[in-house]
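Novice: Structure for the following, please:
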Amino acid sequence: MMKKIASLIVLLALCIPTLAVDMPNMIGNWTGSYEGVGFENITISNPDGNLTSFKIGETTWTISIEEQNGAGFVGKKSSTTNPVMQKLVGIIGFDNKTISMADETGYYLGEMISPTEMQLLHYENGKDGMAAVRSTITKE
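Specialist: Here you go, the predicted structure:
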């Protein structure tokens, strides 16, 4: 009986490292299209704004990660609706799958679903409007 318990402990010890997820390499260009909703033209005279719906494929964005130091990374973001590059910072979660980022106008929460693919939720809120979008982006 003791041999069986010892064998089981050894087997578990050998299997546990294979369950760990490696830190992803974020450096590179990530692209994809997104869908979502938002309000445009929010002002004091028009507090409700105009509801806009963004459909998948209508707008694409590129996130270019230029540097990674451990779990932290920096880069830039642009989109077909806003070609101006925005600075971007990000951090990989303790599980090596969760991704959190911020650019000059909003925040991202997401998850790595493969070494070359991530799903993101993006939120923006400002004086000109607000938006919530989702996207799957792929590393080129």
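Novice: what about the helices in the chain?
Specialist: According to DSSP state H, the chain carries its helices in the segments 2-19.
Novice: Quick check: which ranges of it have low pLDDT?
Specialist: The model of the chain has pLDDT under 70 over residues 1-20, 41-57.
Novice: just the strands in it please.
Specialist: Here the chain has its strands, by DSSP state E, at 28-40, 50-69, 72-79, 86-92, 98-103, 106-114, 117-126, 129-139.
Novice: Let me have those in CSV, extended by mean neighbour count.
Specialist: For glycine as for every other residue, the C-beta is placed from the backbone atoms N, C-alpha and C. Output for these, formatted as CSV (neighbours: other Cβ atoms under 10 Å):
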stretch, mean neighbour count
strand 28-40, 17
strand 50-69, 14
strand 72-79, 18
strand 86-92, 16
strand 98-103, 17
strand 106-114, 16
strand 117-126, 16
strand 129-139, 17
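Novice: closest one to residue 21 among those?
Specialist: strand 106-114 (8.2 Å; Cβ to Cβ).
Novice: Now do the contacts for residue 140.
Specialist: By Cβ atoms under 8 Å, 6 or more residues apart in numbering, the residues touching residue 140 are 28, 29, 30, 31.
Novice: would CSV of those with distance to residue 83 be doable?
Specialist: Shown next, in CSV, are these (distance: Cβ to Cβ, whole Å):
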residue, distance to residue 83
28, 20
29, 15
30, 16
31, 14
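Novice: Nearest to residue 115 among the residues you listed?
Specialist: Among those, residue 28 lies closest to residue 115 (Cβ to Cβ), at 10.6 Å.
Novice: check contacts around that closest one.
Specialist: Residue 28 makes contacts with 64, 65, 139, 140, as judged by Cβ under 8 Å, 6+ apart.
Novice: Kindly provide the distance from it to residue 124.
Specialist: 24 Å (Cβ to Cβ, to the nearest Å).
Novice: for residue 100, same thing?
Specialist: According to Cβ to Cβ, residue 100 stands 15 Å off from residue 124.
Novice: repeat for residue 133
Specialist: Distance from residue 133 to residue 124, counting by Cβ to Cβ: 8 Å.
Novice: Quickly list what's touching both of the two.
Specialist: Listed as contacting both residue 133 and residue 124 by Cβ under 8 Å, 6+ apart are residue 38.
Novice: Perfect, I'm done here.
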